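Student: Can you look at this prediction? I've put the sequence above it.
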Amino acid sequence: MLFAWLKSFLSQRRRRLRRVTAGEREATVVFIDIVAFSKVSEEFPDALVFKHLQAFLGHTSQLVTQYGGWVDKTFGDGMLAVFDDSSADGRENTNQANQALRCALQIQSENFVRILEADAQHVPIFPLRIGINTDQIVFGSLDAGTANTTTIFGHGVNFAKRLEEACEINSIMIGPLTATKLDALGKWPSTMRRRLIQVKHESDFQQVFECDPLDRRSRRQSKALEDFRRITGLIRHSPRIQPESDLGIEIETDFGPSSLLNVSQGGLGLTLPVLLARGTKIRIRIDINSPHESVRRQFASLLKNGLELEVRWSMSDGEEHLHGLAFRSNSANDGALMFAELTHLTGGTIVGATQRQAS
């Protein structure tokens, strides 16, 4: 094991030394993040967490090298890897996007097996989100007075991080240029789903793609996710109201009409005509067509101001796109009012006391 690690380390160091001269070229960047790492760490002794984190990062680094990439840096709860135009032995690599995706798929698949084993053995669970983006990347040294290491920089790196943050647990989010290259190579995964994502400082939504390397409907994955949320406290216990249809509540969004599934003190369940990524912020407008004047009056403030929400999770169920959204701080009061009024009205029905909350 020591020999394998040393071989991987020397191979990556040689590659980084070749990149000392600053320059810009196309590369595929992979951000790997352990979800809710701090919450997981609180449940186990520090030494045990460190042992398993060290093993995970070491094995993941070996997989990156195996698929032709190199590790730019590791964090306490993740890793930044690069797949560029040369392989470990210096040969030209025209297949970087596919290699990055294949590497990410193996990382997620192997890690899921570890999650199932970890829960049974009562050791730390490390669910992952992975973002992959291909773009023009700046390579260069940031070491003061020296030039013996190389790092990467640029908008493409930042966007890879944004993709990771928008990704669902145990999945992989892929940028548009990466997806184009995969399509051209005929390497398009059958589990790829189109999503819309918000980019900082840009008004338009950008089309990206999420790849689920596991069967999200499998009982094993469902159990693993529920165990993880239980351990980390990412299940919020609060009642939800399912409004009756005769209340006449209609929801309009920038993407078209939406159906209201349920309301809690913290947010809404909606179906939307598009599938939005985690972290996407939207505004909804509410129209009340109820024949009851009292109902229309109670919701007057909501009709005027609308509500701002943030996507916490989303999934496709056939042709429907289901979303769990949390009220943003500037809409929290109106959201609480909406829940209180629905609770008061006889049209509201309690449908459950547990609400999924993604980290």
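Tutor: Cool, the structure landed. Numbering: from 1, shown residues only.
Student: what's across from Gln136 in the sheet?
Tutor: Glu26 (DSSP bridges).
Student: so how far is Asp72 from it?
Tutor: 16 Å (Cβ to Cβ, to the nearest Å). All C-beta spots, glycine's among them, are computed from the backbone N, C-alpha and C.
Student: Compare these two (neighbour count), which wins?
Tutor: Asp72 (21 against 12; other Cβ atoms under 10 Å).
Student: Check the secondary structure at that one for me.
Tutor: With DSSP: H, G, I helix; E, B strand; the rest coil as the basis, Asp72 sits in strand.
Student: Next, count neighbours for Glu165.
Tutor: Neighbours of Glu165 using other Cβ under 10 Å come to 16.
Student: Hmm, I typed the wrong one, I wanted Met79.
Tutor: Neighbours of Met79 (other Cβ under 10 Å): 22.
Student: If you drop the residues flanking it in sequence, what lies closest to it?
Tutor: Ile32 (4.5 Å; Cβ to Cβ, 6 or more residues apart in numbering).
Student: got the phi/psi numbers for the one you found?
Tutor: phi -120, psi 130 (degrees, to the nearest 10).
Student: doesn't Leu163 make contact with it?
Tutor: No: between Ile32 and Leu163 there is no contact, the gap being 11.5 Å when judged by Cβ atoms under 8 Å.
Student: which parts of the helix or strand in which Ile284 is found are buried?
Tutor: Element membership for Ile284 (DSSP states H and E) is strand 281-288. Under the neighbour-count criterion of 16 or more other Cβ atoms under 10 Å, strand 281-288 has Ile282, Ile284, Arg285, Ile286, Ile288 buried.
Student: any idea how far it is from the chain center?
Tutor: 24 Å (Cα atoms, centre = their mean, to the nearest Å).
Student: can you check stretch 111-130 too?
Tutor: 17 Å.
Student: mean confidence score for that stretch?
Tutor: Averaging pLDDT along stretch 111-130 gives 84.
Student: And stretch 285-292, by the same measure?
Tutor: 74.
Student: got a list of contacts for the strand holding Ile284?
Tutor: Applying Cβ atoms under 8 Å, 6 or more residues apart in numbering, the external contacts of strand 281-288 come out as 198, 247-255, 258, 268, 270, 276, 295-296, 299, 302-303, 306-311, 325, 328.
Student: Show me the helices in this protein, by range?
Tutor: Taking DSSP state H as the criterion, the chain carries its helices at 2-17, 37-42, 46-66, 96-121, 155-166, 176-185, 219-232, 293-298, 300-305, 332-344.
Student: between the ones you listed, which gets the lowest average pLDDT?
Tutor: helix 2-17 (a mean of 48).
Student: Bridged to the nearest residue to Val64 once chain neighbours are set aside, which residues?
Tutor: Distances taken as Cβ to Cβ, 6+ apart place Ala81 nearest to Val64, at 4.6 Å, with adjacent residues excluded. As for beta bridges, Ala81 partners with Val30, Val71 under DSSP bridges.
Student: Verify the contact between Ala81 and Lys73 for me.
Tutor: No: Ala81 lies out of contact with Lys73 (Cβ under 8 Å); the separation is 9.1 Å.
Student: And the two? Which one has more around it.
Tutor: Neighbours per residue (other Cβ under 10 Å) separate Ala81 from Lys73, with Ala81 holding more: 30 against 12.
Student: Could I get the contacting residues of the more buried one?
Tutor: By Cβ under 8 Å, 6+ apart, the neighbours of Ala81 are Val29, Val30, Ile32, Val64, Gly69, Trp70, Val71, Asp72, Ala100, Cys103.
Student: contacting residues for the fourth one?
Tutor: When the contact criterion is Cβ under 8 Å, 6+ apart, the partners of Val64 are Val30, Trp70, Val71, Met79, Ala81, Cys103.
Student: Just give the number of residues close to the second one.
Tutor: Think Trp70. 23.
Student: Val82 is in contact with that one, correct?
Tutor: Yes: applying Cβ under 8 Å as the test, Trp70 and Val82 come out as touching, 5.7 Å apart.
Student: where's Ile241 relative to Ser141, distance?
Tutor: In terms of Cβ to Cβ, Ile241 sits 57 Å off from Ser141.
Student: And those two? Which one has more around it.
Tutor: For Ile241 versus Ser141, neighbours defined as other Cβ under 10 Å are more numerous around Ile241 (22 against 16).
Student: I'd assumed Met338 was in contact with that one.
Tutor: No: using Cβ under 8 Å, Ile241 is not in contact with Met338, being 9.1 Å away.
Student: which neighbours do those two share?
Tutor: What both Ile241 and Met338 touch, as defined by Cβ under 8 Å, 6+ apart, is the set Val263.
Student: show me what contacts the residue lying closest to Lys187 once chain neighbours are set aside?
Tutor: Nearest non-adjacent residue to Lys187, counting by Cβ to Cβ, 6+ apart: Asn98, 4.7 Å away. Asn98 sits next to Lys181, Leu182, Leu185, Lys187 when contact means Cβ under 8 Å, 6+ apart.
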